[in-house]
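Chemist: need a structure here:
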Amino acid sequence: MKRPLVESEEEKQSTQLKKRKKYDSGSTSKSPVPPREAPLWLLNMMREMNGYEPKLVIEKTLFKSDINRTLGRLAMPTNHVVEKDFLTATEERMIDEKCRLKTSDVDVVAVLVDPLHRKWNVVLRRWDMAKDSGNCSSIFVFVKLPLRFSSSSLAECKRRMKRPLCKRRMKRPLVESEEEKQSTQLKKRKKYDSGSTSKSPVPPREAPLWLLNMMREMNGYEPKLVIEKNLFKSDINRNLGRLAMPTNHVVEKDFLTATEERMIDEKCRLKTSDVDVVAGLVDPLHRKWNVVLRRWDMAKDSGNCSSIFVFVSTWNSIVDANGFKEGDPIELWSFRSQGRLCFAFVPPRRSSLCSGQCSSAL
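Modeler: Below you'll find the predicted structure:
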């Protein structure tokens, strides 16, 4: 040992001064990198997506292996990551578990957005690679990259980013002044007072009397109007066996709890998940069924995505019991009974309403 185990105050100050000089003059690769300001196009996109906490993950030049269609992955060495705290503790644990166990079906699925507002789902993983020296190097990788995310699309993104701001989709700054906020609220209020019924917020409807009486018998509460629609031919097609409810036509969108939304989202993303939201469905004749509620996301040619809620499982039995026909108008309501999600609908009035049997009890 060249120095005594316990340093004097002067030695401590001298050591700290040497470290500080080394940091001030030293190599940029080892010194901590101050946070970069996010570019304006990203801030505006975050505003549209209600995003927060922008962090620079990496700056790199694409290698030949990054655009190799056979490999199909983007490599990001962990020692080149700029702001290393871009993952939450849960995401780090999931990535570590996937890296160690290999066979684990736990994956971190993220959304990748480009300046043209195109969106993809990507899987983020970490690969640990042993070296001959006995050390280990790690890289983050995007796998299951979409084919459209190619060098040509990146070049188009760069051209789009170089355009003047007035020609891009971002029209307002991220932070609005008080006057701009008041002006925006005034425009929204005028549009609501005078405006289109399709875009304006819909005030809560009063639940029909038969539903209130049924809820009283079932100790139900919180009635919400989910959707009003005319049945399409596909809704009564026995081969399809489902009722489609476009999410943008849902009237009161808060009919699901946070847990139910998470379960539906997990089922929609993972496909193989055995988690389902099973709800009760009741008609005015007090016949009851169990239905499975799911969400289907469908990509469009424009790159956007549309979503629909669907009833599956016992829908054909419900169609037979109520004698549904193409073009029939129905109202679908939701309510809670002892915490469980339930639905009730008003079928069209016809004599065949009284036929059919209940297929399963709540």
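Chemist: low-confidence ranges in the chain?
Modeler: Residue ranges of the chain with pLDDT under 70: 1-34, 102-106, 144-203, 272-273, 347-362.
Chemist: Where do the domain boundaries of it fall?
Modeler: What automatic domain parsing lists as the domains of the chain is 40-167, 209-354.
Chemist: out of the ones you listed, deepest packed?
Modeler: By mean neighbour count, with neighbours taken as mean count of other Cβ atoms under 10 Å, domain 209-354 ranks first of these at a mean of 16. Where C-beta positions appear, they are placed from N, C-alpha and C, glycine not excepted.
Chemist: what's residue 280 in contact with, if anything?
Modeler: With contact set as Cβ atoms under 8 Å, 6 or more residues apart in numbering, residue 280 has these partners: 288, 289, 290, 291, 337, 340, 341, 342, 343, 362.
Chemist: State whether it is indeed within a helix.
Modeler: No - looking at residue 280 with DSSP: H, G, I helix; E, B strand; the rest coil, it is strand, so not inside a helix.
Chemist: bridging residues for it?
Modeler: Following DSSP bridges, residue 280 is listed with bridge partners residue 290, residue 342.
Chemist: which stretches of this structure form helices?
Modeler: 9-25, 40-48, 89-101, 151-162, 178-194, 209-217, 258-270, 315-322 (DSSP state H).
Chemist: ends of stretch 292-305, how far apart?
Modeler: 22 Å (Cα to Cα, to the nearest Å).
Chemist: Grab the nearest non-local neighbour of residue 232.
Modeler: Excluding its sequence neighbours, the residue lying closest to residue 232 (Cβ to Cβ, 6 or more residues apart in numbering) is residue 326, at 6.8 Å.
Chemist: Could you report the distance from the one you found to residue 243?
Modeler: 13 Å (Cβ to Cβ, to the nearest Å).
Chemist: what sits in contact with each of the two?
Modeler: The contact lists of residue 326 and residue 243 share residue 235, where a contact means Cβ under 8 Å, 6+ apart.
Chemist: which residues in the stretch 101-250 of the chain form strands?
Modeler: Under the criterion DSSP state E, counting those that start in this stretch, the stretch 101-250 of the chain contains strands at 108-113, 119-130, 136-143, 220-230, 243-246.
Chemist: so what strands line up beside the longest one?
Modeler: Think strand 119-130. In its sheet, and by DSSP bridges, strand 119-130 pairs with strand 108-113 (antiparallel), strand 136-143 (antiparallel).
Chemist: can you tell me which of the ones you listed comes nearest to residue 228?
Modeler: For these, proximity to residue 228 was assessed by Cβ to Cβ; strand 108-113 is nearest, at 31.8 Å.
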